[in-house]
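*Asks:* Dropping a prediction and its sequence here:
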Amino acid sequence: MEYIADTHSMKCPKCAHGMEEVTYGQVTIDRCTNCAGLWFDTGEAEQLKNQWMGDALDLGSPEEGKKWDAVEDIACPRCGKDMEKTSDPEQPHIWYEVCNEHGMFMDAGEFTDYKHETLADWFRSLIKGSRH
Ligand SMILES: [Zn+2]
Ligand SMILES: [Zn+2]
């Protein structure tokens, strides 16, 4: 689905398709409707710090994620500045892009290699709690 300002919260920095808002607990994040990449605003990632590594918000497949992983030099969807590629010190195999001012973007499939069961549980709760 292409980006449509009325229905999408923002444009995906990686593939330029529309992103949709997904509520997780107290926090709303943005997920791409095409590549399933995830955007966390600054503060959102902090609030989810202990949860987002354990419970998967990630609906993408690792194969799909690897494809998009090849896309480098993405721009922050908030300010348009280049984002910096970095890895989590405790999960060094997980790479993500970060804008120091606005937040971070993760590729689809970063978690699904090893979190399939949690992913399924989370997805069920998402459907149940959906406002649509
Ligand atoms: Zn995308
Ligand atoms: Zn920014």
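*Replies:* Cool, got the structure. Ligands and ions are numbered 1, 2, ... in the order given.

*Asks:* Surely Met19 is in contact with Asp30?
*Replies:* Yes: counting by CB atoms under 8 Å, Met19 touches Asp30, with 4.2 Å between them. Every C-beta, even on glycine, is put in place using the N, C-alpha and C of the backbone.

*Asks:* Could you name every residue contacting both of those two?
*Replies:* 9-10, 39 (CB atoms under 8 Å, 6 or more residues apart in numbering).

*Asks:* Keep those, but drop any that are not near ligand 2.
*Replies:* Filtering the shared contacts of Met19 and Asp30 for proximity to ligand 2 by CB under 5 Å from the ion leaves nothing.

*Asks:* And those, which is closest to ligand 1?
*Replies:* Ligand 1 lies nearest to Trp39 out of the shared contacts of Met19 and Asp30, by CB to the ion, at 9.4 Å.

*Asks:* Return the backbone torsion pair for that closest one.
*Replies:* phi -110, psi 130 (degrees, to the nearest 10).

*Asks:* could you measure Trp39 against ligand 2, distance?
*Replies:* According to CB to the ion, to the nearest Å, Trp39 stands 11 Å off from ligand 2.

*Asks:* Can you pull the poorly scored residue ranges out of the chain?
*Replies:* 1, 45-62, 64-66, 68-70, 90-91, 93, 109-132 (pLDDT under 70).

*Asks:* residues from it in reach of ligand 2?
*Replies:* Taking CB under 5 Å from the ion as the contact definition, the chain meets ligand 2 at 76, 78-79, 99, 101-102.

*Asks:* In JSON lines, list those along with secondary structure and neighbour count.
*Replies:* Compiled in JSON lines, the residues of the chain next to ligand 2 are given as follows (DSSP: H, G, I helix; E, B strand; the rest coil; neighbours: other CB atoms under 10 Å):
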{"residue": "Cys76", "secondary structure": "coil", "neighbour count": "21"}
{"residue": "Arg78", "secondary structure": "coil", "neighbour count": "15"}
{"residue": "Cys79", "secondary structure": "coil", "neighbour count": "10"}
{"residue": "Cys99", "secondary structure": "strand", "neighbour count": "23"}
{"residue": "Glu101", "secondary structure": "coil", "neighbour count": "10"}
{"residue": "His102", "secondary structure": "coil", "neighbour count": "17"}
